[in-house]
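Novice: my questions are about this predicted structure, shown below with the sequence.
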Amino acid sequence: MPSDNDPLSLDAFREEAERFLRSIAGEFATAERAGGRRASDRIAAVEELGEGHELQVKQARELQARLFDAGLAWPSGPADCGGRGLTREHDRIVERLLADMGFPSREMLFVGLHIVAPAIDAHGTAELRRRMLTALYRADIIGCQLFSEPGAGSDLAGVSTRAVRDGDDWVLTGQKVWTSMGHLADVGEALVRTDPSAGKHGGLTVFLVDMHAPGVTVRPIRQMTGGSAFNEVFLDGVRVPDSHRVGGVGEGWRVAGTSLGSERETMIGGDGPVSPYVLERVVALVERLGAADDPVHRRRIARTVAAVTAMRAAAALPDGSWGHRTASVSGSVLKMLMTRAVDEIAALAGEVLGERAFTDGGEPDAYAWSEFVLGAPAMHIAGGTDEIQLNIIAQRGLGLPRPPKPG
Ligand SMILES: Cc1cc2nc3c(=O)[nH]c(=O)nc-3n(C[C@H](O)[C@H](O)[C@H](O)COP(=O)(O)OP(=O)(O)OC[C@H]3O[C@@H](n4cnc5c(N)ncnc54)[C@H](O)[C@@H]3O)c2cc1C
């Protein structure tokens, strides 16, 4: 790990990244969305992909490619896959700078980068890693996660989508649901059942599905935010080459675990929707509306700052500081803290704005909060529900007994 005296100390790296981002900032500053708002003006708890999202996606891909070519897309990644072998703190520096400097959101790429890529990195063959990781990190392709099914969400090991071996291929049949970015994706990480006789967790395998292959049907789901970021995905006899298998046959539960751990820790447990920019925006909103003197709002402001501070303090702990016994629960703790911080910010914005948060009356920084306020409840479910996180913390972190099975 670089020390403060190395050329790649965190400070030196921050300077390098900031210099580069300043040099390209102008190219992304005039980005207009439908409705005349700048992409950086809207605030969302989860990516919503509303009207005008094609331009957002194009900008995100262009920005990601520029970052990749400058060595800033994946600083902690290995050199043969476009990384620089640095630390995750270097990754976080780039993300924070991008947020602080108001660059357009790249959130629609994050399922591929923070859920799919870690599984390929940890379990894929050398060839799969080189090809897929480079393409994902350069945004040449977009990834999605094909885990949840109508009958398997919290109980993920209950997935029933089948994969049957046929020569060098596997043939996949079944239905996935809640697939974020499925309609944009080129590749999907699918958790499927390859051996129904091998027990619930033992008969699972992970494949990378070409989302444009014959037999893949993607149907967007409209959300109450007005956006349409997730989908139903039907797999009807989809052929996947065995070379697109991630990990061994029957090792899918372990591979999926890598994706889920990373999802909680880096995608959901990081600053995520609670960037310094969002906190500044909500405080500025309260001040603009003259609401800071109201005791009810003051109490909410205090709760919001406390929740955000707790989340940041936990997220800033160096890797490994949770201790070996609790290492696997850090993502669950961070996710719970982040969900609480999102709730407080959404409640504060909703309370001071009232109905103006939901009706576009042209008032600056009012309707911009609509997606955040309406999207906040989804954080209690996405990436594993609150109850599931609490079970993980209780059982794996605190060593408490598992609840008795019904009956
Ligand atoms: C914004 C968003 C994006 C998503 N993106 C994706 C994606 O890209 N890919 C993907 O595969 N999935 C995705 N999901 C799906 C998500 O992972 C599931 O919704 C989640 O795991 C819960 O599963 P479920 O909806 O089937 O609810 P269920 O599992 O049916 O749960 C229903 C209720 O029962 C409770 N419950 C269930 N089991 C237990 C238990 N053992 N102990 C205590 N309580 C329990 C739950 O906490 C919940 O309150 C997304 C969800 C959201 C909200």
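Specialist: Okay, I see it.

Novice: need the residues of the stretch 251-400 of the chain near the ligand, please.
Specialist: By C-beta under 6 Å from any ligand atom, the part of the stretch 251-400 of the chain that sits against the ligand consists of 378, 381-382, 384-385, 387-388, 391. For every residue, glycine as well, the C-beta is placed using N, CA and C.

Novice: list phi and psi for the residue of the chain found nearest the ligand.
Specialist: Nearest residue of the chain to the ligand (C-beta to the nearest ligand atom) works out as residue 153 at 1.9 Å. Note on residue 153: backbone dihedrals following degrees, to the nearest 10 are phi -120, psi -90.

Novice: how many residues are close by it?
Specialist: Residue crowding around residue 153 was assessed by other C-beta atoms under 10 Å; the count is 17.

Novice: with residue 307 instead?
Specialist: Residues near residue 307, counting by other C-beta under 10 Å, number 20.

Novice: and the strand or helix carrying it, what does it pack against?
Specialist: In this structure, residue 307 sits in helix 295-315 according to DSSP states H and E. Helix 295-315 is packed against helix 276-288, helix 330-353, with contacts defined by 3 or more C-beta pairs under 8 Å, 6 or more residues apart in numbering; DSSP states H and E.

Novice: take the ones you listed and lay them out in a markdown table including mean neighbour count and mean pLDDT.
Specialist: Listed next are the helices and strands packed on helix 295-315 as a markdown table, based on neighbours: other C-beta atoms under 10 Å; pLDDT from 0 to 100:
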| stretch | mean neighbour count | mean pLDDT |
| --- | --- | --- |
| helix 276-288 | 17 | 86 |
| helix 330-353 | 23 | 91 |
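
Novice: all strands of the stretch 51-200 of the chain, in order?
Specialist: In the stretch 51-200 of the chain, the segments counted as strands under DSSP state E, counting those that start in this stretch are 143-146, 162-166, 169-180, 187-193.

Novice: quick one: is the last one near the ligand?
Specialist: No - applying C-beta under 6 Å from any ligand atom, one finds that strand 187-193 is not in contact with the ligand, the shortest distance being 8.0 Å.

Novice: what angle separates that strand from strand 169-180?
Specialist: Using axes from the mean of the first three to the mean of the last three C-alpha atoms, to 10 degrees, the direction of strand 187-193 lies 110 degrees away from that of strand 169-180.

Novice: quick revisit: tabulate the residues of the stretch 251-400 of the chain next to the ligand (JSON lines), appending neighbour count and pLDDT.
Specialist: Formatted as JSON lines, these follow (neighbours: other C-beta under 10 Å; pLDDT from 0 to 100):
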{"residue": "378", "neighbour count": "20", "pLDDT": "91"}
{"residue": "381", "neighbour count": "14", "pLDDT": "93"}
{"residue": "382", "neighbour count": "20", "pLDDT": "89"}
{"residue": "384", "neighbour count": "21", "pLDDT": "89"}
{"residue": "385", "neighbour count": "14", "pLDDT": "94"}
{"residue": "387", "neighbour count": "10", "pLDDT": "95"}
{"residue": "388", "neighbour count": "18", "pLDDT": "92"}
{"residue": "391", "neighbour count": "17", "pLDDT": "92"}
